[in-house]
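Participant: sequence-free structure coming up:
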């Protein structure tokens, strides 16, 4: 949705020339915290990201340094994940996300998991 009521949307980005945005996916799964549920959400969000990008030809997806330096797109998008729980319990999870187009991972965010604790006070 080009005019989504969010902090960032495509209609707002069109107001800028040479815009680059890191698009962070958040896998808020609440109490249903299983790797299967995380994978389902990540797959869904990556699919939506790619559909939206393909429907907007002025947007280039950054996957390489060459893509970053490419001036043929007026707008560039880089896919990221908030929260390393999307990686799972094996390092192969990083490669899986990379193959899906993810180029940045914030290892910690708001929920405790294998490699981090939460930032909230109990």
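Facilitator: On my side now, so go ahead. Just so we're clear, the structure is a prediction, and the values are computed from it rather than from any experiment. Numbering: from 1, shown residues only.
Participant: just the helices in this protein please.
Facilitator: Using DSSP state H, the helices of the chain run over 10-13, 35-55, 65-69, 92-99.
Participant: tally of neighbours for residue 26?
Facilitator: Residues near residue 26, counting by other CB atoms under 10 Å, number 15. (C-beta placed from N, C-alpha, C; glycine too.)
Participant: meant to ask about residue 22
Facilitator: 13.
Participant: now the helix or strand of the chain with the lowest mean pLDDT: how far from the chain's centre is it?
Facilitator: Sorted by mean pLDDT, DSSP states H and E, the helices and strands of the chain end with helix 10-13, the least confident at a mean of 75. With CA atoms, centre = their mean, to the nearest Å as the basis, helix 10-13 stands 17 Å off its chain's centre.
Participant: what are the buried residues along it?
Facilitator: 10, 13 (16 or more other CB atoms under 10 Å).
Participant: which neighbouring elements make contact with it?
Facilitator: Counting contacts by 3 or more CB pairs under 8 Å, 6 or more residues apart in numbering; DSSP states H and E, helix 10-13 packs against no other helix or strand.
Participant: and the average pLDDT for stretch 105-121 is what?
Facilitator: Stretch 105-121 comes out with an average pLDDT of 71.
Participant: which residues sit against that stretch?
Facilitator: 24, 26, 33, 80-87, 89, 94, 97 (CB atoms under 8 Å, 6 or more residues apart in numbering).
Participant: can you redo those residues as JSON lines with distance to residue 113 and pLDDT?
Facilitator: Output for the contacts of stretch 105-121, formatted as JSON lines (distance: CB to CB, whole Å; pLDDT from 0 to 100):
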{"residue": "24", "distance to residue 113": "17", "pLDDT": "89"}
{"residue": "26", "distance to residue 113": "14", "pLDDT": "82"}
{"residue": "33", "distance to residue 113": "8", "pLDDT": "72"}
{"residue": "80", "distance to residue 113": "17", "pLDDT": "95"}
{"residue": "81", "distance to residue 113": "13", "pLDDT": "91"}
{"residue": "82", "distance to residue 113": "12", "pLDDT": "87"}
{"residue": "83", "distance to residue 113": "8", "pLDDT": "80"}
{"residue": "84", "distance to residue 113": "7", "pLDDT": "82"}
{"residue": "85", "distance to residue 113": "4", "pLDDT": "82"}
{"residue": "86", "distance to residue 113": "10", "pLDDT": "86"}
{"residue": "87", "distance to residue 113": "9", "pLDDT": "87"}
{"residue": "89", "distance to residue 113": "10", "pLDDT": "81"}
{"residue": "94", "distance to residue 113": "15", "pLDDT": "93"}
{"residue": "97", "distance to residue 113": "15", "pLDDT": "95"}
